[in-house]
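*Asks:* Here is the input, now give the coordinates:
(one chain, ligands or ions: 1)
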Amino acid sequence: WKIYFKMRIFFLGDIVGQSGCTAVKKHLPNIIKKKKIDFVVVNGENAADQGVGITEEIAKDLFNCGVDVITTGNHVWDQKEIIKHIEKEERLLRPENLITTSPGKGFGVYNSKNGFKIGVLNLMGNIFMKKCDDVFEAAANFIKKNALKDNYDFLVVDFHGEITSEKMAMGHFFDGYATVVIGTHTHIPTSDCRILNKGTAYQTDAGMCGDYDSVIGMDKNNSLNKFLNKDAKKHFPSIGEVSLTGAIIEGDIETGLAKSIRQFIFGGVLEDKN
Ligand code: FE2
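*Replies:* The predicted structure is shown next:
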């Protein structure tokens, strides 16, 4: 006989503002139970009330409701308090390829609820993003030093980037080396969940946990006024009903690669009615 082991990873896209945080806190515990989730990664770089950055308190709240690791991106330092806190909080990552003197780290290995070791790597794209080290060079160095089943049982890569081609290329670069490569930052979920040729699950962008009756999570009228060159304030999060979006990845215990990836869309204007 054989004991049934499974590994189900839940990834949620950028949590935007207070409404995004509230929705994650409200729904995540139920989703974990219902979908039998073993490990949760969220991108939290827009989680602060202003829609940029993250605070120590928000990070704690997210960990308390079932999040295992928080990734970030270009807005990581926008709430200054986090610069100190990230040094103490192993479960909070910033992009690995930030300039080398940056506080915190971009990679960690964590224990899942069911006893597996999960590596999480946070990368940031180079195209139309803040200046950071070459992301493909960083990825190549990483692959040289780390391997599935050696350093961790599964590997989740969050690629925080603006353009689809750079993300898709990174997916192929990690094919066979990661359980999943999933994009963040655009706040728009892409319907291209699939398993690449050598077994790595892939989605170009997970989307966001925020109000989609907006412009990528920000108040739509204010954002439109900016585009129209009318009087506008600094962007601020839209506070309507939230859609949670991301993907659920089933890992293969034998190989650490992916058995399946399914897009996840829950609640709000984007809810998957199929
Ligand atoms: Fe971003």
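
*Asks:* and the gap between residue 252 and residue 123?
*Replies:* Separation of residue 252 from residue 123 (Cβ to Cβ, to the nearest Å): 23 Å. To be clear about C-beta, it is placed using only N, CA and C from the backbone, and glycine gets the same treatment.

*Asks:* Which one's more surrounded, those two?
*Replies:* Each of residue 252 and residue 123 has its neighbours counted (other Cβ atoms under 10 Å); residue 123 has more, 30 against 15.

*Asks:* Shouldn't that one be within a helix?
*Replies:* No: judged by DSSP: H, G, I helix; E, B strand; the rest coil, residue 123 forms no part of a helix; its state is strand.

*Asks:* ok, what's across the strand from it?
*Replies:* Here residue 123 sits in beta bridges with residue 159, going by DSSP bridges.

*Asks:* Kindly provide the distance from it to residue 89.
*Replies:* Distance, residue 123 to residue 89, by Cβ to Cβ: 19 Å.

*Asks:* in the stretch 1-150 of the chain, which spans are strands?
*Replies:* 7-12, 14-15, 39-43, 69-71, 107-111, 117-124 (DSSP state E, counting those that start in this stretch).

*Asks:* what angle sits between the last one and strand 39-43?
*Replies:* Yep, that's strand 117-124 we're talking about. On the basis of axes from the mean of the first three to the mean of the last three Cα atoms, to 10 degrees, strand 117-124 is oriented at 10 degrees to strand 39-43.

*Asks:* buried ones in strand 117-124?
*Replies:* Across strand 117-124, burial judged by 16 or more other Cβ atoms under 10 Å covers 118, 119, 120, 121, 122, 123, 124.

*Asks:* again, but for the fifth one
*Replies:* Judged by neighbour count using 16+ other Cβ under 10 Å, the buried positions of strand 107-111 are 107, 108, 110.

*Asks:* just the CA coordinates of it, formatted as PDB?
*Replies:* The C-alpha trace of strand 107-111 is given here as PDB (Å, rounded to 0.1, in the frame of the first residue of the first chain):
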ATOM      1  CA  PHE A 107      15.000  33.600  -1.900                       C
ATOM      2  CA  GLY A 108      14.100  31.300   1.000                       C
ATOM      3  CA  VAL A 109      13.300  27.700   1.800                       C
ATOM      4  CA  TYR A 110      10.200  27.100   3.900                       C
ATOM      5  CA  ASN A 111       8.300  24.200   5.500                       C
END
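
*Asks:* what's next to that strand, contact-wise?
*Replies:* 39, 68-69, 90-91, 93, 96, 117-122, 142, 146, 151-152 (Cβ atoms under 8 Å, 6 or more residues apart in numbering).

*Asks:* Name the strands paired with that strand and say parallel or antiparallel.
*Replies:* strand 117-124 (antiparallel).

*Asks:* ok, now the shortest one?
*Replies:* Neighbouring strands of strand 14-15 in its sheet, by DSSP bridges, are strand 208-209 (parallel).

*Asks:* Likewise for the first one?
*Replies:* In the sheet, strand 7-12 lines up against strand 39-43 (parallel), strand 244-251 (antiparallel) (DSSP bridges).

*Asks:* before we move on, back to that, pipe the buried residues of strand 107-111 into TSV and attach pLDDT and distance to residue 53 per row.
*Replies:* Converted to TSV, these look like this (pLDDT from 0 to 100; distance: Cβ to Cβ, whole Å):
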residue	pLDDT	distance to residue 53
107	98	21
108	98	20
110	98	23
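
*Asks:* isn't residue 207 right next to residue 185, touching?
*Replies:* No: using Cβ atoms under 8 Å as the test, residue 207 is too far from residue 185 to be in contact (10.4 Å).
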